[in-house]
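Visitor: pasting the sequence and the predicted model now:
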Amino acid sequence: MSVFATLTHVLESRWVHSKDWVSVALPHILYVNTAVLIFSSLTIELARASAARQNAVRCVRWLFVTLLLGFAFVGGQLAAWRELVSRGLYVASNPGSFFFYFLTATHGLHLLVGILALGGVVLFAGRLARKNRQETAVGALSIYWHFMDGLWLYLFVLLLATIQR
């Protein structure tokens, strides 16, 4: 949380006091990506509910769907970067493009940690269920996943308000 609070402060300071700020139209794929993450919050909640009912098979199915949605989000972020590159906007093009790349990359790295954790819970689902640890694992994972989703919503609004202006 402190990383993104610090980045927000630096972005706001740079944006407010900048004489060389260039607005960057955000790629439209970001709207789709936002919907993907919101839907992934629903699927991980369905996994958590399945784990609470001791339905390991259904839990794993919903976790797998969440995993696929996480990969779809990361793929969408890469598509957004490719779109900016095709427009000639790189990390060093201007302060707006720098912050776009930096914020989305930082969030993407944190989301990849969640994807790795999801993969681990899916991979070891049988063992977790046999030891009655699946509910705890999925519950902890869902907290992290929801945080990443909420953080993305915050970053998306921040990008709309500052980068795109």
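Guide: Looks like it came in fine.
Visitor: ok, now which ones touch Phe102?
Guide: Each residue near Phe102 by Cβ atoms under 8 Å, 6 or more residues apart in numbering is listed here: 7, 91. Glycine gets a C-beta too; all of them are placed from N, C-alpha and C.
Visitor: likewise the one 4 residues further on?
Guide: Contacts of Thr106 were listed using Cβ under 8 Å, 6+ apart, and they are 3-4, 7.
Visitor: which SSE is it in?
Guide: Using DSSP states H and E, Thr106 sits within helix 95-123.
Visitor: pull out the buried positions in that helix.
Guide: 95-101, 103-104, 107-108, 110-111, 114-115, 117-118, 121-122 (16 or more other Cβ atoms under 10 Å).
Visitor: can you report how many residues lie near the residue nearest to Leu111 when sequence neighbours are not counted?
Guide: Setting aside the residues directly before and after it, Leu111 is nearest to Met148 in space (Cβ to Cβ, 6 or more residues apart in numbering), at 5.2 Å. Met148 has 22 neighbours, counted by other Cβ atoms under 10 Å.
Visitor: give the next helix or strand downstream of the host helix or strand of Ala35.
Guide: Here Ala35 sits within helix 29-52, counting by DSSP H and E. Next along the chain after helix 29-52, taking DSSP H and E as the criterion, comes helix 56-86.
Visitor: who are the packing partners of that following helix?
Guide: Helix 56-86 sits against helix 29-52, helix 95-123, helix 125-130, helix 134-158, with contacts defined as 3 or more Cβ pairs under 8 Å, 6 or more residues apart in numbering; DSSP states H and E.
Visitor: and of those helices, who's closest to Phe71?
Guide: Among these, the nearest to Phe71 by Cβ to Cβ is helix 95-123 (6.8 Å).
Visitor: low pLDDT regions in this protein?
Guide: Scanning the chain for pLDDT under 70 picks out the ranges 15-17.
Visitor: how about stretch 141-153: buried residues?
Guide: Within stretch 141-153, the residues that count as buried by 16+ other Cβ under 10 Å are 141-142, 144-146, 148-149, 151-152.
Visitor: would JSON lines of these with distance to Ser23 be doable?
Guide: Output for the buried residues of stretch 141-153, formatted as JSON lines (distance: Cβ to Cβ, whole Å):
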{"residue": "Leu141", "distance to Ser23": "37"}
{"residue": "Ser142", "distance to Ser23": "36"}
{"residue": "Tyr144", "distance to Ser23": "33"}
{"residue": "Trp145", "distance to Ser23": "32"}
{"residue": "His146", "distance to Ser23": "31"}
{"residue": "Met148", "distance to Ser23": "27"}
{"residue": "Asp149", "distance to Ser23": "26"}
{"residue": "Leu151", "distance to Ser23": "23"}
{"residue": "Trp152", "distance to Ser23": "21"}
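Visitor: right, I'll call it a day here.
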